[in-house]
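K.L.:
sharing a model that was predicted from the sequence below.
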Amino acid sequence: MSKGKCIILCAPSGSGKTTLVRHLLDQRDLNLTFSISATTRKTRKDEQNGKDYHFFNIVEFMEKIDNEHFLEYEEVYSGVFYGTLKDSVEALLEDHNVIFDIDVEGGIKLKRIYKEDALAVFVKPPSIQELSNRLYSRNKDSKESIDIRLAKAKIELLKEKDFDEIIINDNLKSAEELVYNLVREFLYN
């Protein structure tokens, strides 16, 4: 097989992008594999190092930055870094199409790197109020953390113009169908 392509899904936290990524990964005809991001954030309950994220302390992460091990990295929240490991992605692209579940700034950077070999999809919530409802109903974060996420979401929504496609996730079934069709068209046409 020739070198794979990149599918980049970005969205404000709580927009449903991870659910859409999982849906796409279940579609065997797309030959997708997941790019595991690196982070300095604390591990959440049920998360595993190397499966959900590559967890690093801040010193390890800074060393990787200094040694240019990242395609992109970002301080997404104060003191909390996320990044995409260069060697890991290049190895995956040898035999697969690679899907990224990534923050908005990181997604824009990856699109600049991979250009026409990448499809960048922005997943929008129907409204900020609906996004707030989703974040509170997940019951994963403190009120302070949710307030930070909502403030960040308002800024991220201004970046949708930097993406190839925009999906409004107001109905999960429709969003799954739409994202599948967009990705399949990109990969095979």
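P.N.:
That came through fine.

K.L.:
the longest helix along the chain packs against which elements?
P.N.:
Longest helix in the chain by number of residues, with DSSP state H as the criterion: helix 172-188. Helix 172-188 is packed against strand 6-10, helix 17-25, strand 118-124, strand 165-168, with contacts defined by 3 or more Cβ pairs under 8 Å, 6 or more residues apart in numbering; DSSP states H and E. All C-beta spots, glycine's among them, are computed from the backbone N, C-alpha and C.

K.L.:
how many neighbouring residues does L178 have?
P.N.:
By the criterion of other Cβ atoms under 10 Å, L178 has 17 neighbours.

K.L.:
no, scratch that, I was asking about I155
P.N.:
Neighbour count of I155, defined by other Cβ under 10 Å: 11.

K.L.:
and G14, by the same measure?
P.N.:
Using other Cβ under 10 Å as the criterion, G14 is surrounded by 24 other residues.

K.L.:
now do the one 3 residues further on
P.N.:
For K17, the tally of surrounding residues (other Cβ under 10 Å) stands at 26.

K.L.:
list the contacts of it.
P.N.:
If you count contacts by Cβ atoms under 8 Å, 6 or more residues apart in numbering, K17 has them with L9, C10, A11, D101, V123, N169.

K.L.:
which residues of the protein fall in strands?
P.N.:
Counting by DSSP state E, the segments of the chain that form strands are 6-10, 32-34, 38-39, 54-55, 70-77, 80-85, 97-102, 118-124, 165-168.

K.L.:
give me the contact list for the fifth one.
P.N.:
Right, the one you point to is strand 70-77. The contact list for strand 70-77, computed with Cβ under 8 Å, 6+ apart, reads 38, 41, 61, 64-65, 81-86, 89, 103, 105-106, 109-110, 113, 148, 152.

K.L.:
give me the low-pLDDT residue ranges for this protein?
P.N.:
1-2 (pLDDT under 70).

K.L.:
quick check: T39 touching H54?
P.N.:
Yes. Look at T39 against H54 with Cβ atoms under 8 Å: they come within range, at 7.4 Å.

K.L.:
and these two? Which one has more around it.
P.N.:
The residue with more neighbours, out of T39 and H54 and counting by other Cβ under 10 Å, is T39; that gives 20 against 17.

K.L.:
and the more buried one, how far is that from I166?
P.N.:
Using Cβ to Cβ, to the nearest Å, we find T39 at a distance of 26 Å from I166.

K.L.:
could you do G107 as well?
P.N.:
Relative to I166, G107 is positioned 12 Å away (criterion: Cβ to Cβ).

K.L.:
neighbour count winner among the two?
P.N.:
Counting neighbours by other Cβ under 10 Å for G107 and for I166 shows that G107 has the greater number, 29 against 12.

K.L.:
the more buried one - nearest residue in space that isn't next to it in sequence?
P.N.:
Across the structure, with Cβ to Cβ, 6 or more residues apart in numbering as the measure, the residue nearest G107 apart from its sequence neighbours is C10 (3.6 Å).
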